[in-house]
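> 3D, please:
(one chain, ligands or ions: 1)
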Amino acid sequence: MYQELGISKETVEFIQKCEQKLEKSFKKIDEQADLNSLKVLNAFHKYQISEVHFNMTTGYGYGDLGRDTTEKVFAEVLGAEDALVRGQFISGTHALTVAFFSYLRPGDLLLSISGTPYDTLHEVIGIKENTSSLKSFGVLYDEIDLVNDDFDDEKILSYLKKKKVKMIEIQRSKGYSTRKSLSISKLDRIISKIKKVSPSTIIMVDNCYCEFVEEKTPTEVGADVMVGSLIKNLGGGIAPNGAYIAGRKDLIDLAGERLTCPGEGREVGPSLGITKQFLQGLFFAPSVVASSLKTAVLASYAMEELGYQVEPRWDEERVDIVQNIIFGNKEDLISYCQGIQMASPVDSNAVPEPWDMPGYEDQVIMAAGAFTQGSSIELSCDGPIRPPYIAYMQGGLTYSYGRLGVMRAISQIKKK
Ligand SMILES: *Cc1c(COP(=O)(O)O)cnc(C)c1O
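Numbering: from 1, shown residues only. Next up, the predicted model:
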């Protein structure tokens, strides 16, 4: 049966040997999932989730009990005062965009302290020209690079003493960069320093790919607001679209005014029957994140054994579900992604090729045979076609399917 999937006997034996070394790592991941499941279940009980919450509204969406209660459950699980959890968010980028436009006004200054933000935000901010960017509205932007994969405390604090910064953006996950992702303990340190120097600066964290990986959330260490996508970690592979913004209540209300319209805010926006999937996705999310992490750890260990550089290494602390494999050449990157595609449940016969994706500056190859379009909590692997040819692999709804994907990808490289 393995051979029917295109996996060689040699690869099966190799992966089985790898797995023997990973028992302890897997146990640690399971323990984190147990804790997160406990968090989720307690939140469901606190808000007495019942079948009535799966009912929907249509039209304007006034008085949508399911939607409003779902937002309370998410806030509780995320350790935030409040949350906006909506299917009307098209993507993580859209939720981040809504947050920026909610808090920034002409003449305000936005500062990124984790270097250049995620590719899709370049046109939103105006790093790349766009007639609807923040810049086009007169919002100023500056950035401070990380040093040795950590915040440049001194530079950030002296910047804040010199200039009035309305909003700070921190991106935890590495995006398409070569840096490490930013842990909660690093966030904790820098946020407490920033709050002493500039308490009114709004600190927003791009939390994409990080939910349920570490015990604490950014808002639990002082971030004012955080943003993530529901076709990543918290959607558990069940949410068909959507995103969240969670944090301080006044900031969540402002985001509501921006997402819909001033005066209507969070009161409107029909759930159209999506709340059951949001809640069920959240219910699955701790286990799904654990499966993704195990898949990442396996790939990390196996690919390093095969002589490739990886980040993070298999036994390193993890901050997000993303696994980098640094191929050093274009051909292996493409083969690996094609192998991931070949082991997908959907579109397994499609052969991904690099292409010019809207929002991205280099050509990108994307392998994703997902039930939900673009979902990267489902096993997916992508990478920009530029040296050092890094694959960004993430997701895996179950570990069994995740390991088959890794096996198929390795077999594909070997075949080539
Ligand atoms: C996925 C992601 C986003 C948002 O991407 P969408 O595809 O628009 O949901 C933003 N920042 C980071 C770091 C991400 O990983």
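> can you count the residues close to the closest residue to residue 164 other than its chain neighbours?
Leaving aside its sequence neighbours, residue 164 sits nearest to residue 109 (CB to CB, 6 or more residues apart in numbering; 6.6 Å). C-beta: built from backbone N, CA, C; applies to glycine. Number of residues near residue 109 (other CB atoms under 10 Å) recorded here: 17.
> got it, and residue 306?
When counting by other CB under 10 Å, one arrives at 14 neighbours for residue 306.
> likewise the one 5 residues further on?
The tally of other residues near residue 311 (other CB under 10 Å) stands at 18.
> gap between it and residue 290?
20 Å (CB to CB, to the nearest Å).
> Pull the contacting residues for the closest residue to residue 149 other than its chain neighbours.
When the adjacent residues along the chain are set aside, residue 149 lies closest to residue 180, with 4.1 Å between them (CB to CB, 6+ apart). Residue 180 sits next to 149, 174, 311-312, 319 when contact means CB atoms under 8 Å, 6 or more residues apart in numbering.
> Can you read off the pLDDT for residue 180?
What the model reports as pLDDT for residue 180 is 95.
> same thing with residue 322?
Note for residue 322: predicted pLDDT of 97.
> low-scoring pLDDT stretches of the chain, where are they?
Along the chain, segments meeting pLDDT under 70 span 359.
> Near the ligand, which residues of it are found?
Contact residues (CB under 6 Å from any ligand atom) of the chain with the ligand: 91-93, 118, 120, 171, 173, 175, 206, 208-209, 229.
> run the last query once more with 8 Å
Residues of the chain found near the ligand (CB under 8 Å from any ligand atom) are 90-96, 117-118, 120-121, 171-175, 206, 208-209, 227, 229, 231-232, 243, 320, 322, 359, 374, 376.
> Among those residues, name the ones in helices.
Using DSSP state H, 92-96 are the members of these that sit in helices.
> Tabulate the residues you listed (TSV), appending neighbour count and distance to residue 55.
TSV is the format used below for these (neighbours: other CB atoms under 10 Å; distance: CB to CB, whole Å):
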residue	neighbour count	distance to residue 55
92	25	27
93	21	30
94	19	26
95	27	25
96	27	30
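> and of those residues, the nearest to residue 256?
residue 95 (12.0 Å; CB to CB).
> Please tell me how far the closest one sits from residue 86.
Distance of residue 95 to residue 86, computed by CB to CB: 8 Å.
> Strands of the stretch 1-150 of the chain, start to end?
Under the criterion DSSP state E, counting those that start in this stretch, the stretch 1-150 of the chain contains strands at 82-86, 109-112, 140-143.
> now, of those strands, which is deepest in the fold?
Comparing these by mean neighbour count (mean count of other CB atoms under 10 Å), strand 82-86 ranks first with a mean of 27.
> what about the helices in the stretch 201-350 of the chain?
Assigned by DSSP state H, counting those that start in this stretch, the helices in the stretch 201-350 of the chain fall at 249-259, 275-305, 330-342.
> and for the shortest one, what are the contacting residues?
The one in question is helix 249-259. For helix 249-259, the external contacting residues (CB under 8 Å, 6+ apart) are 81-84, 86, 88-89, 98-99, 101-103, 202, 224-225, 245-246, 263-266, 269.
> Show me how far that helix is from its chain's centre.
21 Å (CA atoms, centre = their mean, to the nearest Å).
> What are the buried residues along stretch 45-57?
Neighbour-count burial for stretch 45-57 flags 47, 49, 53-54, 56-57 (criterion: 16 or more other CB atoms under 10 Å).
> What of stretch 254-266?
Within stretch 254-266, the residues that count as buried by 16+ other CB under 10 Å are 254-256, 258-260, 265-266.
> and which of the residues you listed is nearest residue 347?
When the buried residues of stretch 254-266 are ranked by distance to residue 347 (CB to CB), residue 259 comes first, at 31.8 Å.
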